[in-house]
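Participant: sequence and predicted structure below; questions after.
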Amino acid sequence: MQDEMSLDSYFEKYQQGNLEKKDLEGRIFTYILDNYQRFDLRGWDRDECIDYLCWLYPRLSRTIDRYSYTGASFDAYVRSMIHWSSREYLAIEREHQVIENSYWDLQSTELEVHNPEPEYLETRPFKPVSNPKQTLILLLKSYRYVSDNFISRAAPALGMSKETLNRLIDSLRQSQVDRNVEIQKLRERIFTQYYRRMTLERRISTTLPGSTRYIKLKQLWEKSKLRLAALRKRLRKIRPDASNRLVAEVLGIPKGTVDSNLFAVKSRWKNWGEDPITVSVSKN
């Protein structure tokens, strides 16, 4: 049921001292809610109006203090305030929705691509290899994909105990802990920056082209794009596997020895078109 009194009548009572400011605020709130179609809020349901008025309430209080009669009635003054604030409210709500959708879209993508790294599992029995040092270097380079089962089968073929081979691999794993932490932190920063860029893109799409806000968002987007490219470039430079220098330190041999052995493996693999470990085993 629409209120029979107008906002001007309520404000007049307030000026005469017959209505406290808190009571005036409450009556304006109820009046707008009961007559929301008269305040350019068509298409809104009652719940949306309540959410909007709750957001508007602090501004409504300031409106009462700032109003002074200059030819426009209090009713017209409030209508003008609602006209512009309702558009601001809708823009903020759209922005919140964009941010929320961006977050969930990115989370879904992250869940889809997040798979555990594979392990190299071998079931065949190994024969002694002709070049244990070369095969050992190759195995240590691939330590991240070697299972305990593989280690127990490979150690005798390399002429060493499982404990010794485990100790070498554990040394590599321990040396890579700090590197892996750095990689993870960098990936998280890339994820955050990518999410920020996606959010800015969606916010730009809902902003009036050429406006001050549009230009500012475009500038932020450009900065975010450059920052993301720099982070990705930095990540590409970090080796997630064991470097040749690290393998050399674990084995106590010169780095050049590791380099030459791996080059020889690569050349044989290219020439024979077979897996280098299989080649080493099959030559016996």
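Facilitator: Received it, and whenever you're ready, just let me know what you need.

Participant: is it correct that residue 218 is in contact with residue 204?
Facilitator: Yes: at 6.4 Å, residue 218 and residue 204 qualify as touching, with contact defined as Cβ atoms under 8 Å. Backbone N, C-alpha and C define where each C-beta goes, glycine included.

Participant: more neighbours, the two?
Facilitator: Per other Cβ atoms under 10 Å, whichever of residue 218 and residue 204 has more neighbours is residue 204, with 18 against 14.

Participant: give me the element that one is part of.
Facilitator: helix 162-205 (DSSP states H and E).

Participant: quick one: the following helix or strand past that helix to helix 162-205, angle?
Facilitator: Where DSSP H and E defines the elements, the next helix or strand beyond helix 162-205 is helix 212-237. For helix 212-237 against helix 162-205, the angle by axes from the mean of the first three to the mean of the last three Cα atoms, to 10 degrees is 160 degrees.

Participant: now do whichever helix or strand comes after helix 212-237 and helix 162-205, the angle between them.
Facilitator: Going down the chain from helix 212-237, the next helix or strand is helix 244-251, by DSSP H and E. Relative orientation of helix 244-251 and helix 162-205, computed by the same axes, to 10 degrees: 150 degrees.

Participant: list the contacts of helix 244-251.
Facilitator: By Cβ atoms under 8 Å, 6 or more residues apart in numbering, the residues outside helix 244-251 that reach it are 136-137, 140-141, 168, 171-172, 175-176, 254-255, 257-259, 262.

Participant: same for the helix or strand just after it, what does it pack against?
Facilitator: Next along the chain after helix 244-251, taking DSSP H and E as the criterion, comes helix 255-272. Counting contacts by 3 or more Cβ pairs under 8 Å, 6 or more residues apart in numbering; DSSP states H and E, helix 255-272 is packed against helix 132-141, helix 244-251, helix 276-282.

Participant: next, the buried residues of the next helix or strand after the longest one.
Facilitator: On the C-terminal side of helix 132-141, the closest following helix or strand by DSSP H and E is helix 148-157. The neighbour-count criterion (16 or more other Cβ atoms under 10 Å) identifies 150-151, 153-155, 157 as the buried residues of helix 148-157.

Participant: low-confidence ranges, the stretch 1-150 of the chain, go.
Facilitator: Where the stretch 1-150 of the chain drops to pLDDT under 70, the residues are 1-4, 42, 69-70, 95-125.

Participant: so what are the domain limits for this structure?
Facilitator: The chain breaks down by automatic domain parsing into domains covering 7-111, 132-282.

Participant: quick revisit: what's the closest of the helices and strands packed on helix 255-272 to residue 54?
Facilitator: Among the helices and strands packed on helix 255-272, helix 244-251 comes nearest to residue 54, with 60.0 Å by Cβ to Cβ.

Participant: angle of that closest one against helix 132-141?
Facilitator: Relative orientation of helix 244-251 versus helix 132-141 (the same axes, to 10 degrees): 120 degrees.

Participant: what's the angle between helix 244-251 and helix 255-272?
Facilitator: Inter-element angle recorded for helix 244-251 and helix 255-272: 110 degrees (by the same axes, to 10 degrees).

Participant: pull out the buried positions in stretch 172-190.
Facilitator: So for stretch 172-190, counting by 16+ other Cβ under 10 Å, buried means 172, 176, 179, 190.

Participant: contacts for that stretch?
Facilitator: When contacts are defined by Cβ under 8 Å, 6+ apart, stretch 172-190 is touched by residues 140, 143, 228, 231-232, 234-235, 238-240, 242, 246-247, 249-250.

Participant: okay if I get the buried residues of stretch 172-190 as a markdown table plus pLDDT and distance to residue 197?
Facilitator: Listed next are these as a markdown table, based on pLDDT from 0 to 100; distance: Cβ to Cβ, whole Å:
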| residue | pLDDT | distance to residue 197 |
| --- | --- | --- |
| 172 | 84 | 36 |
| 176 | 72 | 30 |
| 179 | 73 | 27 |
| 190 | 83 | 10 |
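
Participant: can you tell me the element residue 48 falls in?
Facilitator: Per DSSP H and E, the secondary structure element for residue 48 is helix 46-66.

Participant: buried set for that helix?
Facilitator: 49, 52-53, 56, 60, 63-64.

Participant: what angle sits between the helix holding residue 204 and helix 148-157?
Facilitator: Interaxial angle, helix 162-205 versus helix 148-157 (the same axes, to 10 degrees): 140 degrees.
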